[in-house]
Each structure stands twice: as structure tokens, then as C-alpha cells.
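[1] what's the 3D shape of this:
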Amino acid sequence: MIGVHTSEQLKTRQAYPLNLKVAMSKLRIREWYRHHHGRVYVAFSGGKDSTVLLDLVRSEYPDVPAVFADTGLEYPEIRQFVKTIPNVTWVKPKMNFREVVERYGYPVVSKEQSQFIRQYRTAKSGKTKEIRLRGNKWGRGKISKKWRYLIDAPFKISEQCCDKIKKEPIKTYEKETGEAPLLAIMASESHLRKQSYLKYGCNAFDLVRPLSNPMAFWLEPDIWGYIKKYNVPYCKLYDMGWDRTGCTFCMFGVHMEKSDLFHKNRFQRMKLSHPKLWNYCINKLGLKQVLDTIHVDYN
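    Purely as a prediction, here's the structure:
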């Protein structure tokens, strides 16, 4: 499939003023809603991005439901905030995080690198192992040299926790209701998300699982700009120094967070703000061994 956008077009749209981005996103929302005859929902995590998306969608269609994946290890402030939002369905996974990491492995470094490490370890094909070590003919698809030592880590590594804990219960909801999702994913968040936008645009109608990302061309400052301009309530966790509100046990990207005299990474902050949750994650779920292995300080 030929991509529907170029990098230059994306950069142009990312530079648009907020009011134009809002208008464009609402147009994408209306297209998605009409295409699916109103049978749509918002994937709602309680974080700032999906909070803005839900406000955008309900400014057009107030009765659109939201769906929250209750992993069991969300920050308590997130759960409290989600409870204040009307018309939210809570879905639960069949497996808890402990069961997921025991069977599949821990989420470390990034979704892509965790996937490559898992595939190398479990591959029956020598070709697959070779690609994961050296890359394909374009040099892609390989485990980074920096993280190659994790092949021999004394614990399982996998990207599948999100699939098992969040995506599977949400897909079950979709199957039962026939509703199509609206997601708060932005192209600026990762290389993979950028490539997805360039290939499909905001509304991917023709995928096996159709997806809408009406805010794909937004940037981080746009989120806060919208919240302030329209006085949108948001989770108070952000006012406590947190810039992300994902699963408490997730270790994707933690190695890139500053940890020094003036800065604290997510687990150091957790020890101060949520000591019981920190103790559970570090000592009961086994994150201590994983963080020690990737040289991330959590104290």
C-alpha cells in the first residue's frame, strides 16, 4: 500500500495552530462516526491524551461511550479520575500482570526491542535469529547492540503484556458490541506510530481491525493547550510531577528518564508518592532484578 501522507505533510500539519488542529480532528471524528453509523467508542486510559480525545468526541457526539482497561495496577489517582467520567465501561483482563510476566516476560526498553529479544529467544528458524541479530537486507529488525546482552538475561522479556492486559479485553468488548475504536495516538510518540500515520492517515478504514487516530498530527503542547483553553478536567497525577500515567509496572523507556540530584525517574517518584505500590512492583512483581539488569536506579 502506498502511504497516504509524507513526512513533510506531517511536519506541516504538526505546525498548524491549535484551532485548526481541533477543526481537522473533529472532521476525522465525524467521518469515523458516520462510516460506522454511530457504533464507535473512545479508548480511555484516564491520561491527558485520551481525556482530550474524549472531550473532542463528546463535543460532537455526547453519547459516545468510553472504555477503560482496568489492569489492576493503575495509579489510584487514575482510577479515581476515571470514576468521575460518565458513560465509561471498565473491562478487565483474564490474566493479571504476574501471570503475564511469568508466561510471556517483562516489558523493557521498548515494545520493538522487547519483541525482537522475545523472537530471538523463541525462534525455531535460524533465519529469524540471524535477522534479529544482524537485521534484514535493509539493516532493520535487529536487536540494538546496546541491548544485545539482554538475550542472556535471567528473566523472560516480551512486548506482549499490553496485548494480554489491555488489548485483549478491549477486543472482546469490540466483538460483543460491534463498536469501532477512537484512539489518542500521536505520530510524534514513536517511529512506529509515525510510520503508521504516514501509511494510513488518521482513519484506517480498511484494516482488519479498523482504527481511528483523529489526533495523530497533534504534539504534546497541543494537549495542554487544549486542556487550558477549554478548561478540561484532568487527572491530578500530572500536578504531582508525573508526565506519564501508564501502567505502574511498565518499564518501556525508563532508561531514558533522568535520574540525578535534581530529577527522578518514574520508579524513584513512585517510591516517594506511592511507597506501597512501589514495594509491590519492585519486590513482589520482580522489577528489582529487571531494573538492576538494565542499570536503572529505583531508590
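
[2] contacts and neighbour counts: CA atoms only from here.
    Noted.

[3] confirm that residue 73 sits in a strand.
    No - counting by DSSP: H, G, I helix; E, B strand; the rest coil, residue 73 is not found in a strand; it is coil.

[4] and it, its phi and psi?
    phi -130, psi 40 (degrees, to the nearest 10).

[5] just residue 108 next, same as before
    Torsion angles at residue 108 (phi, psi; degrees, to the nearest 10) stand at phi -130, psi 160.

[6] wait, what's in contact with it?
    114, 157, 158, 159, 250, 251, 252, 253 (C-alpha atoms under 8 Å, 6 or more residues apart in numbering).

[7] output the residues you listed in JSON lines; the columns should cover distance to residue 282, neighbour count and secondary structure.
    Shown next, in JSON lines, are the contacts of residue 108 (distance: C-alpha to C-alpha, whole Å; neighbours: other C-alpha atoms under 10 Å; DSSP: H, G, I helix; E, B strand; the rest coil):
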{"residue": "114", "distance to residue 282": "19", "neighbour count": "25", "secondary structure": "helix"}
{"residue": "157", "distance to residue 282": "16", "neighbour count": "28", "secondary structure": "strand"}
{"residue": "158", "distance to residue 282": "18", "neighbour count": "24", "secondary structure": "coil"}
{"residue": "159", "distance to residue 282": "19", "neighbour count": "24", "secondary structure": "coil"}
{"residue": "250", "distance to residue 282": "11", "neighbour count": "20", "secondary structure": "coil"}
{"residue": "251", "distance to residue 282": "11", "neighbour count": "20", "secondary structure": "strand"}
{"residue": "252", "distance to residue 282": "15", "neighbour count": "17", "secondary structure": "strand"}
{"residue": "253", "distance to residue 282": "17", "neighbour count": "12", "secondary structure": "coil"}
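
[8] show me where the stretch 1-150 of the chain dips below the pLDDT cut-off.
    1-3 (pLDDT under 70).

[9] tabulate the CA atom coordinates of stretch 139-157 in CSV.
    Presented in CSV, the C-alpha positions along stretch 139-157 are these (Å, rounded to 0.1, in the frame of the first residue of the first chain):
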residue,chain,number,x,y,z
GLY,A,139,19.6,-3.4,8.2
ARG,A,140,16.3,-3.3,10.1
GLY,A,141,14.6,-5.6,12.6
LYS,A,142,17.6,-6.2,14.7
ILE,A,143,18.2,-6.1,18.5
SER,A,144,20.2,-3.0,19.3
LYS,A,145,23.9,-3.6,20.2
LYS,A,146,23.2,-1.7,23.4
TRP,A,147,20.6,-4.3,24.5
ARG,A,148,22.0,-7.4,22.9
TYR,A,149,23.2,-8.6,26.3
LEU,A,150,19.5,-9.0,27.4
ILE,A,151,19.4,-12.1,25.2
ASP,A,152,21.0,-13.8,28.2
ALA,A,153,19.0,-12.0,30.9
PRO,A,154,17.9,-14.4,33.7
PHE,A,155,14.2,-13.5,33.1
LYS,A,156,11.8,-13.5,30.2
ILE,A,157,11.4,-10.4,28.1
